[in-house]
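starting from these lines, generate the structure:
(one chain, ligands or ions: 1)
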Amino acid sequence: MEDFADLYSFCDPGASIAEMWSQQGWNITLRRLLNDWEVDRVANLLQRLEDFPGLNTNPDAIRWKHDRDGEFSVGRMYKRDLATQSGEIAGPWKQIWKSNTPTKIKCFTWLVCRRACLTQERLKKRGFQIVSRCFFCHEKEETNNHLFLHCRVTAQIWYLFQSIIQDPWVVPEHTADLLNCWMRRGGSKTQKKWWNLVPSCIWWSIWKERNNRCFKNITNPMQKVKENCINTLYFWCKEEGIDDVNQLVDFLGYL
Ligand SMILES: [Zn+2]
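Residues are numbered from 1 along each chain as shown. Below is the predicted model of the structure:
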């Protein structure tokens with residue numbers, strides 16, 4: 001039984017189907033004769049194959065395979081690239097852009113979290129030959145994480161705000177991590193409104209003071225920097241109608 005058509009006539013479900021399949025060029029070789037029960041099964045299988053409509057009756061089209069609807073957009077590709085690239089920073093990007101800070105502060109916060117702020121670390125990566133020193137402690141290189149998180153001088157402002165919730169914490173390694181864990185803490189719902197503004201406010205105050213020291217050769221005492229930070233936070237909250245901050249400012253002012 002060398003030929004598929006012969007096999008099919010042996011099964012005897014109908015010659016027309018056998019002709020059709022043989023026209024398809026199928027050529028099946030059997031090693032032995034089929035038993036009766038196998039003949040029924042083969043006939044059944046062939047009938048189902050004939051009825052099989054295929055996986056999809058739609059015409060072929062180019063589809064974006066990473067989303068169900070198959071639609072492609074540059075935004076989707078960008079998000080996917082961000083999620084899959086090794087070494088990428090995971091940050092609370094939505095919260096940054098939805099925060100109640102001025103637009104330029106949102107951009108600035110985003111830069112800090114992505115370690116893209118023009119610190120001396122960044123300038124060195126761009127090929128500038130400089131001897132990097134932190135403008136606050138004069139002890140370590142000025143890197144993004146050192147300046148905004150780990151410097152023993154700028155850390156005083158973090159401790160000022162941390163003293164409010166009286167919760168022991170370990171300073172995260174990266175700025176994006178800090179923003180993530182900061183937003184998970186912070187007390188009641190109304191408190192959260194101003195609490196979530198604090199990291200941006202601290203970073204902005206540090207950055208302004210750093211630029212004063214770097215470009216204008218003006219050095220304000222840290223007490224003044226803290227005051228500026230609190231005033232900035234107060235101003236932002238007033239602009240957004242967050243009144244709860246009055247208590248906070250009184251408390252911090254008292255400190
Ligand atoms: Zn330092």
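
going by C-alpha atoms from here, please, whenever you check contacts or count neighbours.
Fine.

and stretch 145-159, how far apart are its ends?
Counting by C-alpha to C-alpha, to the nearest Å, you get 16 Å between the two ends of stretch 145-159.

near the ion at all, it?
Yes: Stretch 145-159 lies within reach of the ion by C-alpha under 5 Å from the ion, at C151.

buried ones in that stretch, by neighbour count?
Neighbour counts over stretch 145-159 (16 or more other C-alpha atoms under 10 Å) mark 145-151, 154-158 as buried.

next one: stretch 202-211
202-207, 209-211.

could I get those as a markdown table with distance to R126, pLDDT and secondary structure?
Below are those laid out as a markdown table (distance: C-alpha to C-alpha, whole Å; pLDDT from 0 to 100; DSSP: H, G, I helix; E, B strand; the rest coil):
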| residue | distance to R126 | pLDDT | secondary structure |
| --- | --- | --- | --- |
| I202 | 26 | 94 | helix |
| W203 | 23 | 95 | helix |
| W204 | 23 | 95 | helix |
| S205 | 25 | 95 | helix |
| I206 | 23 | 95 | helix |
| W207 | 20 | 95 | helix |
| E209 | 23 | 95 | helix |
| R210 | 20 | 95 | helix |
| N211 | 19 | 95 | helix |
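
in a markdown table, list those along with distance to the ion.
Formatted as a markdown table, those follow (distance: C-alpha to the ion, whole Å):
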| residue | distance to the ion |
| --- | --- |
| I202 | 15 |
| W203 | 14 |
| W204 | 16 |
| S205 | 15 |
| I206 | 11 |
| W207 | 12 |
| E209 | 13 |
| R210 | 10 |
| N211 | 14 |
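
need those in a markdown table with distance to V39, can you?
Below are the buried residues of stretch 202-211 laid out as a markdown table (distance: C-alpha to C-alpha, whole Å):
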| residue | distance to V39 |
| --- | --- |
| I202 | 81 |
| W203 | 79 |
| W204 | 81 |
| S205 | 84 |
| I206 | 84 |
| W207 | 83 |
| E209 | 88 |
| R210 | 87 |
| N211 | 87 |
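
closest one to the ion out of the buried residues of stretch 145-159, please.
C151 (3.9 Å; C-alpha to the ion).

ok, now which ones touch that closest one?
136-137 (C-alpha atoms under 8 Å, 6 or more residues apart in numbering).

what segments of the protein are helices?
With DSSP state H as the criterion, the chain has helices at 4-11, 15-23, 36-51, 74-84, 93-98, 103-113, 120-125, 144-145, 155-165, 175-184, 189-195, 198-211, 222-239, 245-254.

alpha carbons only: can I get the fifth one in CSV?
It refers to helix 93-98. Extracted C-alpha coordinates of helix 93-98, given in CSV (Å, rounded to 0.1, in the frame of the first residue of the first chain):
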residue,chain,number,x,y,z
TRP,A,93,8.0,57.1,36.9
LYS,A,94,4.2,57.6,37.0
GLN,A,95,4.3,59.1,40.4
ILE,A,96,7.0,61.6,39.4
TRP,A,97,5.0,62.9,36.4
LYS,A,98,1.8,62.9,38.4
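
buried set for it?
Applying a neighbour-count criterion of 16+ other C-alpha under 10 Å, one finds 93, 96-97 buried in helix 93-98.

what comes into contact with it?
Around helix 93-98, the neighbours that count as contacts under C-alpha under 8 Å, 6+ apart are 106, 109-110.

what about those, which one has the most neighbours?
Tallying neighbours with other C-alpha atoms under 10 Å puts T109 at the head of these, with 26 neighbours.

for the residue lying closest to it once chain neighbours are set aside, which residues are in contact?
Nearest non-adjacent residue to T109, counting by C-alpha to C-alpha, 6 or more residues apart in numbering: S200, 5.8 Å away. Applying C-alpha under 8 Å, 6+ apart, we find S200 in contact with 105-106, 109.
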